[in-house]
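Undergrad: Build me a model:
(4 chains)
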There are 2 protein chains.
Amino acid sequence: MNSEFIIAVHSLVLLAHRPDGMASSEEIATNVCTNPVRVRKVMSCLRKNGFVDTREGSGGGYKLSQEPGEVTLADVYRALTAGSLAPSWCSGDPTSDCLVGSNMGDVMNSVFCGADQQLETYFESITIGQMLSRLTAMAKA
Amino acid sequence: MNSEFIIAVHSLVLLAHRPDGMASSEEIATNVCTNPVRVRKVMSCLRKNGFVDTREGSGGGYKLSQEPGEVTLADVYRALTAGSLAPSWCSGDPTSDCLVGSNMGDVMNSVFCGADQQLETYFESITIGQMLSRLTAMAKA
DNA sequence: CTTAACTGTAACTGATATTATTACAGTACC
DNA sequence: GGTACTGTAATAATATCAGTTACAGTTAAG
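TA: You can find the predicted model right below:
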């Protein structure tokens, strides 16, 4: 799993938690515990996918452009980490004359595609708003 | 995803494909396209979990100790890669005084635990035997 | 009882991927 | 114009992953 996914979700939840729905890359970075450049890179992608609006210049930052209850983790996943399940490493060799060795790569691939879809449907069931609820529940416990 | 999972599955399928159900680490390594040491490490783990028997010494190697149709990818996954979904990288800081920053790590964790279980149930539906069938189907196509 | 063919591990090296940092151009507000 | 931002590229530091070498232990064959 890509850690950018985590940063994206964390950022969106943080924005949802802010009364005005806004934060700068530096504020987010501090909260997430990483550096602002990484946050900007991720947020830039979220902007391109319509999850946030950005305002450059002084007093600028990022702002949610959708309702927290409308955005699912699957949306975020699709936007920046889909297909990440299969390792870069690939087994077998297509030129092999063995049934197993020559086709395993493809079969594995189809298995991981299925796994990825499974993940996606799971993420479909969790919204940014729900993440926020879980946080407050966690804090009370 | 850990690539050892792939090696393990590939190896088990290869064993299932062999008429005598046996192969040495070198034969497997050639088929998988990796080196024998890695294979042995993975197989050693499979042995500890009861998937294969090993015979050391001359003429030795690995042998399936269960029916291909009985072993699911979930069994393999649990044996050597369960919990691998969550990235090592962790978001937030428990000592933060922000609701979001201080609890996100835990909430993320629970999300990834759920995702991992989802994956497991998916893998539960695929056996080593089925992988073999898929291979032959793939070869005919 | 010696040799050859294996497994089981540990230690090391090299390659690759990930994260952090630095730098700077572009933009908006005051 | 100065300040406070985003956007992005380039680089450096670090961690992870895969391949290699080495060698002790085990079994079978001769």
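
Undergrad: can you give me the helices for chain A?
TA: For chain A, the helices defined by DSSP state H occupy A:3-17, A:25-32, A:36-48, A:73-80, A:99-124, A:128-140.

Undergrad: can you tell me if the fourth one touches chain B.
TA: Yes: shown here: helix A:73-80 in contact with chain B (Cβ under 8 Å from any Cβ of the partner chain) through A:L73. C-beta coordinates here come from the backbone N, C-alpha and C atoms, glycine included.

Undergrad: Average pLDDT for that helix, rounded please.
TA: Averaging pLDDT along helix A:73-80 gives 97.

Undergrad: buried residues in that helix?
TA: A:73-77, A:79-80 (16 or more other Cβ atoms under 10 Å in any protein chain shown).

Undergrad: Go through these and name the one nearest A:F112.
TA: If you rank the buried residues of helix A:73-80 by distance to A:F112 using Cβ to Cβ, A:Y77 comes first, at 14.6 Å.

Undergrad: OK, contacts around that closest one?
TA: A:5, A:119-120, A:123 (Cβ atoms under 8 Å, 6 or more residues apart in numbering or on different chains).

Undergrad: Same check on A:S84?
TA: Contacts of A:S84 (Cβ under 8 Å, 6+ apart): A:1-2, A:116.

Undergrad: any idea how far DNA strand D is from it?
TA: Distance, A:S84 to DNA strand D, using Cβ to the nearest atom of the strand, to the nearest Å: 13 Å.

Undergrad: same thing with A:S102?
TA: As for A:S102, its distance to DNA strand D is 18 Å (criterion: Cβ to the nearest atom of the strand).

Undergrad: Skipping adjacent residues, who's closest to that residue in space?
TA: Closest residue to A:S102 apart from its sequence neighbours, by Cβ to Cβ, 6 or more residues apart in numbering or on different chains: A:S96 at 4.3 Å.

Undergrad: Which ones among the contacts of A:Y77 also lie next to DNA strand D?
TA: Among the contacts of A:Y77, proximity to DNA strand D is found for none (Cβ under 7 Å from any atom of the strand).

Undergrad: Name the nearest residue to A:L14, ignoring sequence neighbours.
TA: Using Cβ to Cβ, 6+ apart, the closest residue to A:L14 is B:V100 (4.9 Å).

Undergrad: How about A:S11?
TA: A:I28 (5.1 Å).

Undergrad: so what's that neighbour up against?
TA: A:10-11, A:14, A:36, A:39, A:43, A:62.

Undergrad: and with 10 Å instead?
TA: By Cβ atoms under 10 Å, 6 or more residues apart in numbering or on different chains, the contact set of A:I28 is A:7, A:10-12, A:14-15, A:34, A:36, A:38-40, A:42-43, A:61-62, B:100-101.

Undergrad: again, but for A:G114
TA: With Cβ under 10 Å, 6+ apart, A:G114 has these contacts: A:85, B:122-123, B:125-126.

Undergrad: can you redo the buried residues of helix A:73-80 as CSV with distance to B:P68?
TA: Output for the buried residues of helix A:73-80, formatted as CSV (distance: Cβ to Cβ, whole Å):
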residue, distance to B:P68
A:L73, 36
A:A74, 34
A:D75, 39
A:V76, 38
A:Y77, 33
A:A79, 39
A:L80, 38
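
Undergrad: Can you tell me which of those lies closest to DNA strand C?
TA: Distance to DNA strand C, by Cβ to the nearest atom of the strand, is smallest for A:L80 among these, at 11.8 Å.

Undergrad: I'd guessed that closest one sits against A:L12; true?
TA: No: using Cβ atoms under 10 Å, A:L80 makes no contact with A:L12, being 11.7 Å away.

Undergrad: between these two, what contacts are shared?
TA: A:L46.

Undergrad: What sits closest to A:L73 if chain neighbours are left out?
TA: A:F123 (3.8 Å).
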